[in-house]
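Novice: Sharing a sequence plus its predicted fold:
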Amino acid sequence: MKETKTAKTPARVGPGGHRARMRQRIRMAGAHSLADYELLEVLLFAATPRRDTKPQAKALLAEFGSLEAVLEAPPAALRAAGLGPRGVAVISVPAEVAQRLAHADLRAQVVFTDMTVLLDYCDRLPACTPDGMRLFYLDSARHMLADEVVPSGPAPAQCRTVLARALELHAVSLLAVRDMGQQAPPPPQSLPELRFLRMLHAHARLLGLVFQDCLVRGAGQVVSLRALMEH
């Protein structure tokens with residue numbers, strides 16, 4: 001009987017095959033075996049389903065200088081480097097995960113009995129971007145449920161996002177901190193976020209939430225915006 005030869009299945013080529021090999025390598029050797037650009041490649045798989053992500057990963061490293069700098073880059077800088085909305089979302093996640101892991105035990109123990117405790121807690125956090133605002137969600141005993149950076153965008157959208165998050169966490173009150181770093185706080189009336197803060201103060205009250213205050217701090221100074229929000 002004549003033996004029939006079976007054709008060999010060709011190895012997968014193109015982006016799909018490369019991704020399969022990368023995933024297999026992670027399973028077999030661990031993610032620590034990947035070079036910096038390869039780690040970025042894998043992260044970008046989720047943002048770019050059917051295209052080779054290696055050129056983009058290498059371009060990001062060349063632009064920012066290191067993997068750490070890429071992962072910590074603000075969204076505006078990532079967009080300027082050519083990353084689309086999905087890519088920005090994906091690249092922003094690892095740094096946030098690392099920050100939450102590093103401070104998970106700290107958050108669980110914090111009770112904001114007064115503003116001094118709040119500012120002491122902020123001193124132990126990684127520096128926020130100069131245009132960033134941090135929102136603290138508290139329960140009825142002033143235990144911190146979460147601390148998160150307010151997403152950028154129009155004031156109504158920001159307000160909806162924060163209030164939805166507060167309801168999701170069953171928060172009772174809110175506190176905000178705007179960290180200016182080494183810059184002195186500007187005149188309160190000129191703060192860009194004032195419209196958002198007033199809107200949040202008003203709408204929180206309608207939902208039975210208390211927006212306690214927003215502190216603007218920088219260069220050793222702390223300014224309370226509570227009175228401005230109420231007018």
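Specialist: Thanks, I have it.

Novice: for stretch 196-204, which positions count as buried?
Specialist: Neighbour counts using 16 or more other C-beta atoms under 10 Å place Phe196, Leu197, Arg198, Met199, Leu200, His201, His203, Ala204 of stretch 196-204 among the buried residues. Bear in mind the C-beta positions are built from the backbone N, C-alpha and C, glycine included.

Novice: taking those residues one by one, which sit in helices?
Specialist: Those of the buried residues of stretch 196-204 mapping onto helices are Phe196, Leu197, Arg198, Met199, Leu200, His201, His203, Ala204, per DSSP state H.

Novice: For Tyr137, list the residues it contacts.
Specialist: Applying C-beta atoms under 8 Å, 6 or more residues apart in numbering to Tyr137 gives the contacts Met144, Leu145, Ala146, Asp147, Glu148, Arg165, Ala166, Leu169, Ala171, Leu174.

Novice: Ignore what I typed, I meant Pro151.
Specialist: With C-beta under 8 Å, 6+ apart, Pro151 has these contacts: Ala157, Gln158, Thr161.

Novice: give me phi/psi at Ala31?
Specialist: phi -70, psi -20 (degrees, to the nearest 10).

Novice: Surely it touches Glu38?
Specialist: No - counting by C-beta atoms under 8 Å, Ala31 sits too far from Glu38 to count as a contact (9.2 Å).

Novice: Which neighbouring elements make contact with the top strand by length along the chain?
Specialist: Ranked by number of residues, the top strand in the chain under DSSP state E is strand 210-218. With contacts defined as 3 or more C-beta pairs under 8 Å, 6 or more residues apart in numbering; DSSP states H and E, strand 210-218 has these neighbours: helix 115-123, strand 173-179, helix 194-206, strand 221-224, helix 226-229.

Novice: Pull the residues that contact the fourth one.
Specialist: Yep, that's strand 221-224 we're talking about. Met115, Leu119, Ala184, Pro185, Pro188, Asp213, Cys214, Leu215, Val216, Arg217.
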